[in-house]
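Student: predicted model and sequence follow; I will ask about them next.
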Amino acid sequence: LFLILCLLTTLVGCGGWNPIIPPNPNPNEPLEPIIPGTTKVLEDLTIRELLSVTEDQDTTAILFENPTLQLEELAVGDIIVMGVTEHTPEGLLRKVKSITKGGKDGSIIVVETEFATLEEAIEQGEFCFDEALKAEDAEEPVCYIEGIKFIRDKSIIKDSKTELLEFTYDINVIIYDGDNNPNTEIDNITLTGKISFDYHLIFSGKVGVKGCPLHCHSYLKELTFKNRVEIEKNLGVTVGGSVELFSYEKKLWTQDLGLKTFFIGVVPVVLHPTITIVANVEGEIFAEVTAEVTDKDTYTAGIKLEDGDWDPISSHVHDFYPPSLTLSAGGDVTFGVGPKLKCTIYGVLGPYCETTLYGKAIADVFDNPWWKLYAGIIAKTGIKIEIFSKTYGSAEKIVLDLKKIIAKADGPFGNGQ
């Protein structure tokens, strides 16, 4: 009996063990949220006293005008959490470094904070953001080049070759202009057409407890990031005859998709997705070329952390209409566009997905068939893990890299094809 009592005394004295909070016995059951007392979700009364939030290198200073009961109880080492406010437009998750009082009567409260992770703020819990992104939540795009039009009212589009999805854009842009004069087309590379897409974002994770009963501590158990995208494009490229060797990447526009807030227990988590559309054109041409691809891609691209390992998630279906190609000599050209989505959590970069959907024309007057036209997709996904955990490293994987021939000449050069 004496030995048993000694053992129990030793276990209770071990730092980090909380015998009241055992790990979840069934991994398939939802994790009940457990928020430690050191995590302080600021109340409305306290937020009303918030004067400013300023950042200086690794330190964020939070200034309050008057003390509140919650501020009086705040201690060094606590985690401060706020959702979207006037002074925290993307929410806030920080650890308290110091608390000082200032002003003539000591009413000003200055809280200096440092970086914190969700793993520190949440002892146990899970989340799942599963939502189709909507054009109605999006702001007007920031266009970096003339010739982009975001179409909110799809009823104005008639006789379109492609189905109009949630996000639809007209494209008529000069990617390259050798003499900076758009009227001299012989030295221009021009992209034209339409791109429309639906974007479904799935982001989920679990924070669990392990090491019990001796050293209970929170850890990032699972993290899943998936992008389900249906994209239709009618994309054409025209390369002037004086353009020979080229490789250009151009940001066309960025679309802010609005703030998304979900909760783990009482803790608000602020997700901010944005999409940037990037055009790529590269190749070598010995004469003028015009190519057009009208197709539809439905793909899933993602990445998953489970049991300490990162695994890719991918699937792809491709349908196309008869393409067109006009050229008079040899060369090759690759032309593509694609959505690059990035998400921040409390303003810190988290998951991202970069996709390029492209057409590729290759012509060789000595080959048989002398020209071929391809369609392809490259998708890269990753997660910057810092905001979630200090245990695992960030990950990035190419989850799709596919190319297939969609048209070709009937024979060698000179047979009329």
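Tutor: Received the coordinates, thanks.
Student: residue closest to the middle of this protein?
Tutor: Using CA atoms, centre = their mean, the residue of the chain that lies closest to the mean C-alpha position is Lys342, 2.3 Å off.
Student: state the distance from that one to Ala132.
Tutor: Relative to Ala132, Lys342 is positioned 18 Å away (CB to CB, to the nearest Å). All C-beta atoms are positioned from the backbone trio N, CA, C, and that covers glycine.
Student: got it, and Pro322?
Tutor: From Pro322 to Ala132 the distance is 31 Å (CB to CB).
Student: Asp311 too?
Tutor: Relative to Ala132, Asp311 is positioned 24 Å away (CB to CB).
Student: these two: which is more packed in?
Tutor: Counted by other CB atoms under 10 Å, Asp311 and Ala132 do not tie: Asp311 has more neighbours, with 14 against 10.
Student: mind listing the helices for the stretch 1-150 of the chain?
Tutor: Along the stretch 1-150 of the chain, counting by DSSP state H, counting those that start in this stretch, helices occupy 2-13, 44-47, 69-72, 118-121.
Student: where among those is average confidence lowest?
Tutor: Least confident of those, judged by mean pLDDT, is helix 2-13 with a mean of 46.
Student: you'd agree Leu214 is in a helix?
Tutor: No. The assignment for Leu214, made by DSSP: H, G, I helix; E, B strand; the rest coil, is coil rather than a helix.
Student: burial count for it?
Tutor: By other CB under 10 Å, the residues close to Leu214 number 11.
Student: do the one 10 residues further on as well
Tutor: In terms of burial, Thr224 registers 19 neighbours under the definition other CB under 10 Å.
Student: can you check Val365 too?
Tutor: Neighbour tally, Val365, other CB under 10 Å: 14.
Student: now it, what's its secondary structure?
Tutor: Under three-state DSSP, Val365 comes out as coil.
Student: going forward can the numbers begin at 497, since that is how I track them
Tutor: Yes, from this point I'll number from 497; that puts the last item at Val861.
Student: and the closest residue in space to it that isn't next to it in sequence, which of the three is it?
Tutor: Nearest residue to Val861 in three dimensions, chain neighbours excluded: Phe909, at 4.1 Å (CB to CB, 6 or more residues apart in numbering). What three-state DSSP gives for Phe909 is coil.
Student: wait, doesn't Phe909 sit right on Pro865?
Tutor: No. Under the criterion of CB atoms under 8 Å, Phe909 makes no contact with Pro865, lying 9.1 Å away.
Student: can you give me the strands for the stretch 647-796 of the chain?
Tutor: With strands called from DSSP state E, counting those that start in this stretch, the stretch 647-796 of the chain shows them at 663-673, 684-706, 713-735, 741-752, 756-760, 763-781, 785-802.
Student: so for Val592, which of the ones you listed sits nearest?
Tutor: Checking those against Val592 by CB to CB gives strand 763-781 as the closest, at 15.9 Å.
Student: neighbouring strands of that closest one in the sheet, and parallel or not?
Tutor: Paired neighbours of strand 763-781 in the sheet (DSSP bridges): strand 741-752 (antiparallel), strand 756-760 (antiparallel), strand 827-841 (antiparallel).
Student: which one, of these, ends up nearest to Glu568?
Tutor: Glu568 lies closest to strand 756-760 among these, at 26.0 Å (CB to CB).
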